[in-house]
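Q: Give me a model of this one.
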Amino acid sequence: MQRTAVNPWNWSLKLGYNQAELVESPSRYLVCAGQTAVDGEGSPRHAGDMRGQIGLALDNLEAVLGAAGMGLANVVRLGVFTTDVDEALKNFDLLGERFGSIQCAPPMTLLGVTRLAMPGLLFEIEATAAA
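A: Purely as a prediction, here's the structure:
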């Protein structure tokens, strides 16, 4: 698989994502459900703690990718949902640490929502991956 960043403008690079990526010749394509701050039993964790929830949601995303034989480097698109955009952005360094360290800047959308599927959840991240 070959990935080519498409950035008619460079401003998004400062925020850690490409405007688009051209993905050529993937042999496997994975669509992940939104991952949140829940434990292995599906119970919400880190109530009221955006940073804790982002960290656990990313851990859960990595677990799903790993179960398919992939990792964060395979992510070609992210969808992020949060009940508090400002608080999520304050903690986006967590995404930067995980994706920046592997020089992966998948196209991303961040949306503010009134609530997520389970009470108390503040952050959800979904991904599309290819290999």
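
Q: Three-state assignment for D86, please.
A: Following DSSP: H, G, I helix; E, B strand; the rest coil, D86 is assigned to helix.

Q: mind checking pLDDT for it?
A: On pLDDT, D86 comes in at 98.

Q: next one: the one 4 residues further on
A: Residue-level confidence at K90 comes out at 98, pLDDT.

Q: so it sits right up against I54, yeah?
A: No - assessed by C-beta atoms under 8 Å, K90 is found out of contact with I54, at 10.0 Å. (C-beta placed from N, C-alpha, C; glycine too.)

Q: Pick out whichever of the two has more residues nearby.
A: I54 (27 against 11; other C-beta atoms under 10 Å).

Q: Give me the buried positions along the one helix or strand that one maps to.
A: Under the criterion of DSSP states H and E, I54 resides in helix 50-67. Neighbour-count burial for helix 50-67 flags 50-58, 60-62, 65 (criterion: 16 or more other C-beta atoms under 10 Å).

Q: could these go into CSV alongside distance to S101 and pLDDT?
A: Formatted as CSV, the buried residues of helix 50-67 follow (distance: C-beta to C-beta, whole Å; pLDDT from 0 to 100):
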residue, distance to S101, pLDDT
M50, 21, 98
R51, 18, 98
G52, 20, 98
Q53, 21, 98
I54, 16, 98
G55, 15, 98
L56, 18, 98
A57, 17, 98
L58, 12, 98
N60, 18, 98
L61, 15, 98
E62, 13, 98
L65, 15, 98
